[in-house]
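Visitor: Sequence and predicted structure below; questions after.
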Amino acid sequence: MLHDVAVLRTVNEIIFTSLIQPIAIETKVYDPSAYVDIYGWGRSAPTSPLAVTLLRGSFAVFELDTCHDNFPYVSR
């Protein structure tokens with residue numbers, strides 16, 4: 001799995017509750033060195049299993065080239 005984004009079409013309407021909510025996809029461009037909160041069910045390390053619960057982390061933003069230099073397994 002390369003990305004944590006999916007679009008679902010359901011047969012039945014989804015009823016939102018305090019435990020079931022949509023999540024907004026951020027479109028803001030942040031300056032490098034800013035900190036952002038991220039959420040997802042992905043991997044916490046390249047060889048770790050996929051998470052079964054929603055993960056949250058606070059991370060510094062950095063340039064895309066720096067990301068690819070440090071995490072070559074991340075797709076461009």
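Guide: Received, thanks.
Visitor: Which residue ranges of this protein form strands?
Guide: Taking DSSP state E as the criterion, the chain contains strands spanning 35-40, 55-60.
Visitor: okay, now Cys67: neighbour count?
Guide: 13 (other Cβ atoms under 10 Å). Yep, even glycine has a C-beta here, placed from its N, CA and C like the rest.
Visitor: For Tyr73, which non-adjacent residue is closest in space?
Guide: Nearest non-adjacent residue to Tyr73, counting by Cβ to Cβ, 6 or more residues apart in numbering: Pro46, 5.7 Å away.
Visitor: In stretch 35-51, which of the residues would be classed as buried?
Guide: Gly40 (16 or more other Cβ atoms under 10 Å).
Visitor: what's in contact with it?
Guide: 1, 4, 23, 26, 30, 52-61, 73 (Cβ atoms under 8 Å, 6 or more residues apart in numbering).
Visitor: one more time with 7 Å, if that's ok
Guide: Asp4, Ile23, Tyr30, Leu54, Leu55, Arg56, Gly57, Ser58, Phe59, Ala60, Val61, Tyr73 (Cβ atoms under 7 Å, 6 or more residues apart in numbering).
Visitor: For Leu50, see how far away the nearest residue to the third one once chain neighbours are set aside is.
Guide: Ranked by Cβ to Cβ, 6+ apart and with sequence neighbours excluded, the top spatial neighbour of Tyr30 is Val61, at 4.4 Å. According to Cβ to Cβ, to the nearest Å, Val61 stands 24 Å off from Leu50.
Visitor: now Phe59
Guide: 19 Å.
Visitor: give me the beta-bridge partners of the residue most central in space within the chain?
Guide: Per Cα atoms, centre = their mean, the C-alpha nearest to the average position across the chain is that of Gly40, at 4.5 Å. Per DSSP bridges, the residues bridged to Gly40 are Leu55.
Visitor: Look up the pLDDT of it for me, please.
Guide: With respect to pLDDT, Gly40 scores 82.
Visitor: Relative to Asn70, how far out is it?
Guide: Taking Cβ to Cβ, one finds Gly40 at 18 Å from Asn70.
Visitor: now swap in Phe16 and tell me
Guide: Phe16 is 37 Å from Asn70, by Cβ to Cβ.
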